[in-house]
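In: A predicted structure for the sequence below; I have some questions about it.
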Amino acid sequence: MFESLSEKLEQTFRKLKSRGKLSEANIKEGLREVRLALLEADVNYKVAKNLIETIRVRAVGQEVMGSLTPGQQVVKIVYEELTAVMGGTAAQLDFSGRPPWIVMLVGLQGSGKTTTAGKLALYLKGKGRHPLLVPADVYRPAAIDQLTTLSKQVGVPVYPSTSHMDPVDIALQAKIVCGEYGADTLLVDTAGRLHVDQALMEELEAIKAKVQPNEILFVADAMTGQEAVNVAQSFNERLDLTGVVLTKMEGDARGGAALSIKSVVDRPLKFVGVGEKLDALEPFHPERVASRILGMGDVLTLIEKAQENFDQEQALDLARKIKKNEFTLEDFQSQIKQLKKMGSLETILGMIPGLGKLKQLKEARPDESELKKIEAIISSMTREERRDHTILNASRRRRVARGSGTSVADVNSLIKNFVQTKKMMKRFTKGGLGSLGRGGLPF
């Protein structure tokens with residue numbers, strides 16, 4: 001996400017910082033490069049133009065010219081203005097008034113509405129809500145079956161609609177009987193089309209009039225770039241949207257839609273889909289995204305993911321084991337499983353300040369298959385071997401290699417790396433275990 005834009009901005013700011021004192025000409029030259037980077041990232045040209053002008057006015061003033069570190073001040077201004085153009089702060093869902101609270105998902109066919117409904121159900125469930133999934137797309141083959149399957153996967157009820165029912169009646173009846181399902185929140189998955197048409201809009205307007213939703217979220221594929229912004233405008237004119245969800249952000253290297261949508265449509269980007277798994281839906285935090293774009297990492301999101309996926313008691317027990325040099329392959333395997341829950345290694349590394357800029361890491365992308373190989377090797381060991389790697393003699397290693405479908409060299413490499421990791425941890429404990437005790441990563 002934003003990889004290409006990040007790299008170009010980094011190059012531009014490196015030049016500015018190397019100059020020491022800055023002149024107005026230096027700043028204009030740098031901002032010209034920033035503008036080109038934004039346009040190449042598919043940011044709306046009016047948004048890019050206005051953003052650069054706002055930055056220029058601030059950058060040529062006393063705030064920068066009188067600073068001892070003018071290059072860093074320019075970066076600070078760009079960060080603040082990027083944050084502002086994306087909405088400033090995270091926009092929350094509206095759960096005011098009395099339940100049931102209704103969230104209506106709209107968008108074109110293929111944008112990911114149904115999958116987003118399932119992801120949102122899981123997200124709200126984790127926040128203590130009791131969602132009911134409502135399949136109101138009676139036109140797309142298997143749309144109702146897809147949402148029913150998703151409901152089972154996330155563990156929430158689904159309203160039993162059929163393709164012979166009227167979408168408006170489905171939404172209204174679900175609102176009336178939601179209490180019977182123990183639900184306080186309805187997630188209405190509406191129909192889409194390949195393009196905006198009158199029949200679609202009239203149906204969505206009728207559903208809105210009948211159920212009066214708290215939220216109308218427009219779901220768009222981030223890969224479509226500015227087209228997603230244009231379609232969002234069309235939906236907003238008819239439905240008065242309350243927010244936007246961009247899907248497939250993990251595959252969008254440019255990110256222009258995310259940077260443009262608030263300014264163009266005047267509606268906040270509330271969620272982004274960052275993967276295929278059902279837990280891969282994140283609230284959109286403008287300040288954190290701006291930080292990632294500028295290569296500053298995203299420590300807050302990293303901490304939140306760690307808190308969600310790492311058990312506090314296990315973390316404390318792990319800290320104790322490391323301190324006493326009792327860390328085993330069994331513990332190592334457990335930590336890998338919890339780490340994988342946080343998302344891809346590439347995404348996690350990108351959240352750590354400084355790591356995203358390292359050339360070595362850019363050239364050596366984290367290989368998820370290596371983690372699977374490590375897990376397979378450790379799983380092929382006996383409990384005694386996992387708890388005491390020193391008993392793994394040559395014959396045992398051959399057996400483990402056969403059982404895991406790997407080579408003896410792979411097993412030897414794992415043991416060697418594990419021993420080195422233990423030594424590193426032992427040195428680390430001399431500096432204190434505060435971060436581990438708070439659930440920090442052990443490697």
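Out: Noted; the coordinates are in hand. Numbering: from 1, shown residues only.

In: all strands for the stretch 201-350 of the chain, in order.
Out: 215-221, 243-247, 269-273, 281-283 (DSSP state E, counting those that start in this stretch).

In: give me the element residue 173 is part of.
Out: Counting by DSSP states H and E, the element that carries residue 173 is helix 167-177.

In: List the buried residues for the helix or strand hosting residue 83?
Out: For residue 83, the enclosing helix or strand under DSSP H and E is helix 70-85. By 16 or more other CB atoms under 10 Å, the buried positions in helix 70-85 come out as 70-71, 73-85. Using the backbone N, CA and C atoms, a C-beta is placed for each residue, glycine as well.

In: For it, name the packing helices and strands.
Out: In this structure, helix 70-85 packs against helix 3-18, helix 24-40, helix 45-59, helix 62-65, helix 256-265, helix 286-293, with contacts taken as 3 or more CB pairs under 8 Å, 6 or more residues apart in numbering; DSSP states H and E.

In: For residue 127, which of those helices is the nearest?
Out: Closest approach to residue 127 among the helices and strands packed on helix 70-85 (CB to CB): helix 286-293, 18.6 Å.

In: between the closest one and strand 269-273, how big is the angle?
Out: Inter-element angle recorded for helix 286-293 and strand 269-273: 50 degrees (by axes from the mean of the first three to the mean of the last three CA atoms, to 10 degrees).

In: which secondary structure elements does helix 286-293 contact?
Out: Using 3+ CB pairs under 8 Å, 6+ apart as the test, helix 286-293 ends up in contact with helix 3-18, helix 70-85.

In: helix or strand right after the last one?
Out: This means helix 70-85. Heading C-terminal from helix 70-85 (DSSP H and E), you reach strand 101-106.

In: residues in contact with the helix or strand that comes right after that following strand?
Out: Past strand 101-106, heading to the C-terminal end, the next element that is a helix or strand (DSSP H and E) is helix 113-126. Outside of helix 113-126, the residues that reach it under the criterion CB atoms under 8 Å, 6 or more residues apart in numbering are 103, 105-107, 131, 133, 137, 143, 146-147, 150-151, 153-156, 185, 187, 189-190, 192, 219, 245, 247, 271, 273, 278-281, 308.

In: quick one: average confidence on helix 113-126?
Out: For helix 113-126, mean pLDDT is 93.

In: ok, so what distance separates residue 173 from residue 144?
Out: With the distance defined as CB to CB, to the nearest Å, residue 173 ends up 14 Å from residue 144.

In: out of the two, which sits in the busier spot?
Out: With neighbours defined as other CB atoms under 10 Å, residue 173 and residue 144 compare such that residue 144 has more, 23 against 16.

In: wait, doesn't the more buried one sit right on residue 162?
Out: Yes: with contact defined as CB atoms under 8 Å, residue 144 reaches residue 162; the gap is 7.0 Å.

In: what's the overlap in contacts for these two?
Out: With contacts defined as CB under 8 Å, 6+ apart, the residues shared by residue 144 and residue 162 are residue 138.

In: list the contacts for residue 294?
Out: With contact set as CB under 8 Å, 6+ apart, residue 294 has these partners: 6, 9-10, 13, 75, 78-79, 82.

In: from these, which two are the most distant?
Out: Pairwise distances among the contacts of residue 294 were taken by CB to CB; the largest, 13.8 Å, belongs to 10 and 82.

In: Which residue ranges make up the domains of the protein?
Out: Split into domains by automatic domain parsing, the chain comes to 3-85, 101-295, 300-437.

In: Kindly reformat those as a markdown table containing distance to residue 95.
Out: As requested, these are arranged in a markdown table below (distance: least, CB to CB, whole Å):
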| stretch | distance to residue 95 |
| --- | --- |
| domain 3-85 | 25 |
| domain 101-295 | 5 |
| domain 300-437 | 20 |
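
In: Pick the most deeply packed of these.
Out: For the domains of the chain, the stretch with the most neighbours on average is domain 101-295, a mean of 20; neighbours defined as mean count of other CB atoms under 10 Å.

In: Find the nearest non-adjacent residue to residue 378, please.
Out: On the basis of CB to CB, 6 or more residues apart in numbering, the spatially nearest residue to residue 378 that is not a chain neighbour turns out to be residue 333, at 4.5 Å.

In: picking that back up, output the helices and strands packed on helix 70-85 as TSV; include the columns mean pLDDT and distance to residue 178.
Out: Supplementary listing: these in TSV, determined by pLDDT from 0 to 100; distance: least, CB to CB, whole Å:
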stretch	mean pLDDT	distance to residue 178
helix 3-18	76	42
helix 24-40	84	44
helix 45-59	88	40
helix 62-65	60	53
helix 256-265	85	30
helix 286-293	82	33
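
In: Now these in JSON lines, please, with extra columns for distance to residue 328.
Out: Compiled in JSON lines, those are given as follows (distance: least, CB to CB, whole Å):
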{"stretch": "helix 3-18", "distance to residue 328": "37"}
{"stretch": "helix 24-40", "distance to residue 328": "48"}
{"stretch": "helix 45-59", "distance to residue 328": "52"}
{"stretch": "helix 62-65", "distance to residue 328": "54"}
{"stretch": "helix 256-265", "distance to residue 328": "43"}
{"stretch": "helix 286-293", "distance to residue 328": "35"}
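
In: among the ones you listed, which is nearest residue 204?
Out: Nearest to residue 204 among the helices and strands packed on helix 70-85 is helix 256-265 (16.4 Å), distances taken as CB to CB.

In: Good, we can wrap up now.
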